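# Structural data only, the sequence is not supplied:
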């Protein structure tokens, strides 16, 4: 007999054994389903949890990216007055000339926007609204990677001349004008009249959950001169040419500011630098850990499901001792019996795995209806959960199958 | 003369447990030719069951040699013994040993699942039906064991034993769970099969049952005590007629 036909015979024999296994499982349909339930729940929770984790991760990363492209933010330190510390950006140390110096002296800086910010009552179209007013440079939108939905941004000349022009956020525009077009309309900020020249596109909630669309952006010169009356600025937004220069630029800016503010080495800085890339990396790694954790916890339930399969298979071997004895007596080889029970276990776990994937995808969609982000079912998690459930079937089915195959037919035939 | 179907030379079987050593079979020499119908008798503990297990290739002797159809089987591997059992031996048990919740015909088909070469599905069906016909139960093929009487269940078991056309049928107390009349019917079936050329070895402790065979071996303490040819086997037809007559009389009386 050639090797080819030997393999053929082996395959055909395995098919017959598989058929015997299927019949045994069908005969105990209820028990088979309940046994598979452990795997169903395990696989479903892995798929769902990983989908939820991925969705949350994508959402958070999206928010970090929405901060802007290759952005550095420099905040003035906190103000200290009689032992009381103010918030970040409250110290009166950073000036517009600091911002100009950065733009002039630091390599790979593409754009700089000194920022002052205040909360003010704005009025237009017979309505009024309390919103945050930000004074920025003409490059602000470019740094923040923010588009206008209509109109245009103010120009460098308007910044230099401290023009009373304003770009409004979509929410603010909606609150004040409703469906009307705000372009060219007059807007009063603390009773000072401005002309609306642009409307920002909607950006959604920011990192801290505040609505970024509820704001008015005006030239920082105008804000300092007419609204805050301050010489100092709260922060500087800086865009770097590419992410490769982020660190070196951060270093240079730090040195420059320490020098300008006369801070000797070893003394604490009076400013803080936030690196958008660092934030993104940190947030990314945290959310990856969370996804992994969710997956691992649901992985435990998969293992529990596998133990359930082993338990039932062991019971089944004991219960069917006589059947095994009969099969061996009429000519089943130990390998046939082992294969039969192994196939039963693997079928249970694969059946559970398939249903689990279906339920998992369904559950992920269900979760998506109740949370703000969209769970992302990754094909990887499906393949993983499926192959793990196959592995569990083999692993937890092997011992009972071996036990069945090792039965002595004489003892098994007398088993009551 | 063709070689005997079964030849045992100095067969021994010793079970060793921690403390005791049980010599169940202590040197048995035996030759059984094709076409014989042998009854093995003996009290419990005489070693007859152990001998049957060895004859049926379910167990291996600890000493001696066993040739089945010319093949030395004493030292065969488990796997080869399975192949041998499947091809050459049919088993009939006292407790029938049918698969519960499995139809009669599926029970009869069982040995063919493990046959080499493989048996195609249609052929399995056909051969199972033929075997059922031989035992007179072709109209019960779809019934489950629980829906059948003891005698019918034993017939299904016999059909299963016959389905692979074995050289040898081994029966272990085949009538132990049956009433007198049904026992006589089963013995009639055995006699018919024996007429058709199948060798039958049957373990029993009932003289009434042994009387149907053509040769009676009595065992005691692991050895053969006597080995005699039964010149006048009992005929099942005659016996059944007698039982019927007695039953009628009992009712009349």
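Yep, that arrived. Model, not experiment: these values are computed from the prediction.
# What count of nearby residues applies to residue B:131?
Neighbour count of residue B:131, defined by other CB atoms under 10 Å in any protein chain shown: 26. The C-beta positions use only the backbone N, C-alpha and C, and glycine is treated the same way.
# who are the neighbours in contact with the residue in the stretch 151-253 of chain B positioned nearest to chain A?
Nearest to chain A in the stretch 151-253 of chain B, going by CB to the nearest CB, is residue B:160, at a distance of 7.1 Å. Residue B:160 makes contacts with A:330, B:90, B:98, B:107-108, B:110-111, B:131, as judged by CB atoms under 8 Å, 6 or more residues apart in numbering or on different chains.
# Any buried residues in the helix or strand of chain B with the lowest mean pLDDT, and which?
Ranking every helix and strand in chain B by mean pLDDT, DSSP states H and E puts helix B:236-252 at the bottom, with a mean of 89. Within helix B:236-252, the residues scored as buried using 16 or more other CB atoms under 10 Å in any protein chain shown are B:236, B:239-240, B:243.
# Dump the residues you listed into CSV; add distance to residue A:226 as well.
Formatted as CSV, the buried residues of helix B:236-252 follow (distance: CB to CB, whole Å):
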residue, distance to residue A:226
B:236, 123
B:239, 126
B:240, 124
B:243, 125
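# between the residues you listed, which is nearest residue B:75?
Closest to residue B:75 out of the buried residues of helix B:236-252 is residue B:236 (39.7 Å), distances taken as CB to CB.
# Pull up the residues of chain A that are close to chain B.
The interface of chain A toward chain B, taken as CB under 8 Å from any CB of the partner chain, is made up of A:9, A:12-13, A:16-17, A:20, A:27, A:322-323, A:325-336, A:409-410, A:413.
# how is chain A carved up into domains?
Domain segmentation of chain A under automatic domain parsing yields A:15-62+A:282-414, A:94-269.
# hey, which of those is tucked in deepest?
Counting by mean count of other CB atoms under 10 Å in any protein chain shown, domain A:15-62+A:282-414 has the highest mean neighbour count of those, with a mean of 19.
# That domain: how far from the chain's middle?
For domain A:15-62+A:282-414, the distance from its own C-alpha centre to the chain's C-alpha centre is 28 Å (CA atoms, centre = their mean, to the nearest Å).
# correct me, but residue B:202 touches residue B:41?
No: counting by CB atoms under 8 Å, residue B:41 is not a contact partner of residue B:202; they are 9.6 Å apart.
# Quick check: neighbours shared by those two?
Residues touching both residue B:202 and residue B:41 (CB under 8 Å, 6+ apart): residue B:210.
# So what's the residue count around the closest residue to chain A within chain B?
Proximity of chain B to chain A (CB to the nearest CB) peaks at residue B:86, 2.4 Å away. Residue B:86 has 23 neighbours, counted by other CB under 10 Å.
# try the one 5 residues further on
Other residues near residue B:91 come to 26 when the count uses other CB under 10 Å.
# where do the helices sit along the stretch 151-300 of chain A?
Ranges of helices in the stretch 151-300 of chain A, per DSSP state H, counting those that start in this stretch, are A:156-160, A:170-177, A:220-222, A:246-260, A:276-319.
# How about residue B:199: what's its closest non-neighbour residue?
residue B:168 (4.9 Å; CB to CB, 6 or more residues apart in numbering or on different chains).
# Quick check: beta-bridge partners of that neighbour?
Judged by DSSP bridges, the bridge partners of residue B:168 are residue B:89, residue B:199.
# So which of the domains of chain A is nearest residue B:23?
domain A:15-62+A:282-414 (17.3 Å).
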